[in-house]
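>>> build the 3D model from these lines:
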Amino acid sequence: MATLVWNEDFETNTIGQAFPNGGANDSIDSTQAFSGTKSAKMNGDPAYGYKLLTSSNIWVVRFYIRLAAIPSQGIELATIPGFRFGIDNATKKFGVLFGTAQTMTGLSTVTPVINQWYRIDLRLNSSANPWVLDWQIDGVAQTQQTNAAAASSGGDLYMGHTTGFAVAVNVNYDLVSASNTSADYPLGPPGTTVVAPPATFTASSVAPVVSDTVVSPPAATTYASVAPQVSIIVTAPPATFTAQSVSPAVSGTALVIAPPATFTASSVAPTPGVTTVTAWHLALVNLISNGTFETDLSGWVGRGGATISRDTSLFHGGVASGHLVSDASNHDFYGTGVGQAAINVITGQEYTISMWVYVQTGTSASCYIDQNSVQGYITTTGIAGTSTIGSWVFISRAIKITNPVVTKINPYMQIAPVAASSIGNIDDV
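The predicted model follows:
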């Protein structure tokens with residue numbers, strides 16, 4: 001699980017809250033977003049947002065970048081202490097440099113095109129001489145860069161172009177996150193806690209609340225408290241009995257047991273009184289549409305380039321499961337995977353999501369829930385996950401809706417990455 005010191009999606013914060021330490025020609029853009037509905041826009045010369053964090057000599061940074069126009073000259077597009085990422089003037093490729101010059105000294109293999117999002121991953125270690133920079137673009141490693149300089153640290157992070165060169169930029173940024181832990185490189189989605197099912201179950205531990213009124217079980221349970229009300233007419237037995245008076249008439253082939261030679265009231269009449277029921281439970285209502293994949297894929301849709309198909313060769317129950325293949329370039333960020341349409345929820349109620357997961361290739365599987373208001377996306381919550389590969393694993397967790405503006409949730413499942421696409425199956429959701 002990554003230890004983040006900065007995590008900004010620009011969905012709820014103003015531009016001043018996202019970059020509280022300064023900026024120029026920066027704004028929140030509601031027309032372009034990599035995830036959700038908003039991003040940060042830097043348009044002009046200079047055009048940047050500034051975030052001051054605690055000084056460190058290890059910086060692991062991820063952000064998504066979209067160019068509305070290619071700058072007329074080489075220029076920086078992001079800065080962390082002692083290092084810049086930007087566009088090279090001669091080749092128009094993404095590049096990097098140590099220091100504050102304009103010419104990129106390390107070139108990538110990527111020539112950006114306008115109106116396309118790119119994922120940038122950076123790790124700078126300036127704790128010793130030489131400094132070492134590892135970097136990726138859309139998950140593809142670029143040539144490692146080094147800089148002969150004494151150990152240094154800092155905490156100034158900039159998105160965009162600051163001052164010093166007369167070059168206008170028009171760039172969007174989304175899902176910016178940073179860590180001071182080298183092992184977090186490259187940064188992925190937030191980790192999840194795997195919650196094992198309890199050894200014993202009660203109605204409250206496995207049943208979601210499905211109405212506005214919560215009914216607690218009675219202190220003493222009787223037949224009348226859990227059974228539907230029915231009208232019963234009790235007819236007293238006759239004074240004398242015959243076989244015809246107590247044996248039902250049957251048709252077809254049946255096993256007929258002859259009545260005893262003599263009868264008493266207790267042998268044919270029910271004993272009146274109260275029948276005590278020793279257990280009761282609430283009926284479970286599954287809000288997931290087609291959680292078993294038995295006949296088709298109705299209710300399920302891929303997100304962020306991921307695809308889902310019906311698999312009849314690998315399943316946990318029944319005859320089929322959902323087969324998930326994540327997109328090789330988009331398999332480790334918020335919002336990817338396969339999921340369901342929005343489900344209406346009630347503030348203050350608790351909902352339990354559970355499923356069986358089989359990871360075939362990848363490092364782990366995680367379930368997330370997008371929480372939404374009538375205006376749109378609010379936040380994403382990690383629900384449960386597993387890092388077990390090659391076998392079916394049950395994951396389950398309850399989530400309580402506490403934000404009064406949340407009216408809907410969108411559950412989705414994600415398989416975390418390896419070098420290429422990650423593959424897994426889900427069933428009995």
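>>> low-confidence bits of the stretch 101-250 of the chain, can you list those?
Scanning the stretch 101-250 of the chain with the threshold set as pLDDT under 70 gives 189-250.
>>> would you map the strands across it?
In the stretch 101-250 of the chain, the strands defined using DSSP state E, counting those that start in this stretch lie at 106-107, 117-125, 131-137, 140-141, 145-147, 154-161, 169-179.
>>> mind listing what's buried in the fifth one?
Neighbour counts using 16 or more other CB atoms under 10 Å place Gln145, Asn147 of strand 145-147 among the buried residues. Yep, even glycine has a C-beta here, placed from its N, CA and C like the rest.
>>> wait, Ala68 sits on Ile114?
Yes. Using CB atoms under 8 Å, Ala68 is in contact with Ile114, at 6.1 Å.
>>> looking at these two, which is more packed in?
Using other CB atoms under 10 Å, the more surrounded residue of Ala68 and Ile114 is Ala68, with 14 against 10.
>>> skip the chain neighbours and tell me the closest residue to that one.
Asn170 (4.2 Å; CB to CB, 6 or more residues apart in numbering).
>>> quick check, central residue of this protein?
Nearest to the geometric centre of the chain sits Tyr368, at 2.1 Å (CA atoms, centre = their mean).
>>> who does it form a beta bridge with?
Counting by DSSP bridges, Tyr368 is bridged to Gly382, Tyr412.
>>> isn't it right next to Thr381, touching?
Yes. Using CB under 8 Å, Tyr368 is in contact with Thr381, at 6.6 Å.
>>> residue contacts, Asp370?
Gly335, Tyr377, Thr379, Thr380, Ile409, Asn410, Tyr412 (CB atoms under 8 Å, 6 or more residues apart in numbering).
>>> so which of the residues you listed sit within strands?
Counted as lying in strands by DSSP state E, out of the contacts of Asp370, are Tyr377, Thr379, Thr380, Ile409, Asn410, Tyr412.
>>> would you agree the second one is in contact with Ile369?
I take that to be Thr379. No. Counting by CB under 8 Å, Thr379 does not reach Ile369; the two are 9.3 Å apart.
>>> which non-adjacent residue is nearest Met144?
Actually, residue 144 is Gln rather than Met. Excluding the flanking residues, the one nearest Gln144 by CB to CB, 6+ apart is Asp134, at 5.6 Å.
>>> what's the neighbour count on the one you found?
By other CB under 10 Å, neighbour count at Asp134 equals 18.
>>> which ones are touching it?
So Asp134 contacts Leu122, Arg123, Ala141, Gln144, Tyr185 (CB under 8 Å, 6+ apart).
>>> which of these are buried, as a ChimeraX select command?
In ChimeraX, this line selects whichever of the contacts of Asp134 come out buried by 16+ other CB under 10 Å:
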select :122,123,185
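>>> closest to His316 out of the contacts of Asp134?
Tyr185 (34.9 Å; CB to CB).
>>> what sits opposite the nearest residue to the closest one once chain neighbours are set aside in the beta ladder?
Here the nearest residue to Tyr185 in space, its sequence neighbours aside, is Arg123; by CB to CB, 6+ apart that works out to 4.0 Å. Beta-bridge partners recorded for Arg123 (DSSP bridges): Val60, Asp134.
>>> list the contacts for Arg123?
Ile58, Trp59, Val60, Val61, Leu133, Asp134, Trp135, Ser182, Tyr185, Pro186.
>>> buried only: go through those residues for me.
Ile58, Trp59, Val60, Val61, Leu133, Asp134, Trp135, Tyr185, Pro186.
>>> out of these, who's nearest Lys41?
Using CB to CB, the buried ones among the contacts of Arg123 come closest to Lys41 at Val61, 19.3 Å.
>>> which parts of the stretch 101-250 of the chain are helices?
203-206, 223-226, 243-246 (DSSP state H, counting those that start in this stretch).
>>> pull the number of nearby residues for Thr307.
Counted with other CB under 10 Å, Thr307 comes out at 14.
>>> you'd agree it is up against Val325?
Yes. Between Thr307 and Val325 there is a contact under CB under 8 Å: 5.1 Å.
>>> state the mean pLDDT of stretch 17-28.
Confidence over stretch 17-28 (mean pLDDT, whole number) is 95.
>>> hmm, I typed the wrong one, I wanted stretch 70-85.
What stretch 70-85 shows for mean pLDDT is 92.
>>> kindly check the end-to-end length of that stretch for me.
15 Å (CA to CA, to the nearest Å).
>>> go on, stretch 172-188?
First residue to last in stretch 172-188 (CA to CA) measures 20 Å.
>>> check stretch 174-188 too.
14 Å.
>>> can you turn the buried part of the contacts of Asp370 into a ChimeraX selection?
To isolate the buried ones among those in ChimeraX, judged by 16+ other CB under 10 Å, type:
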select :335,377,380,409,410,412
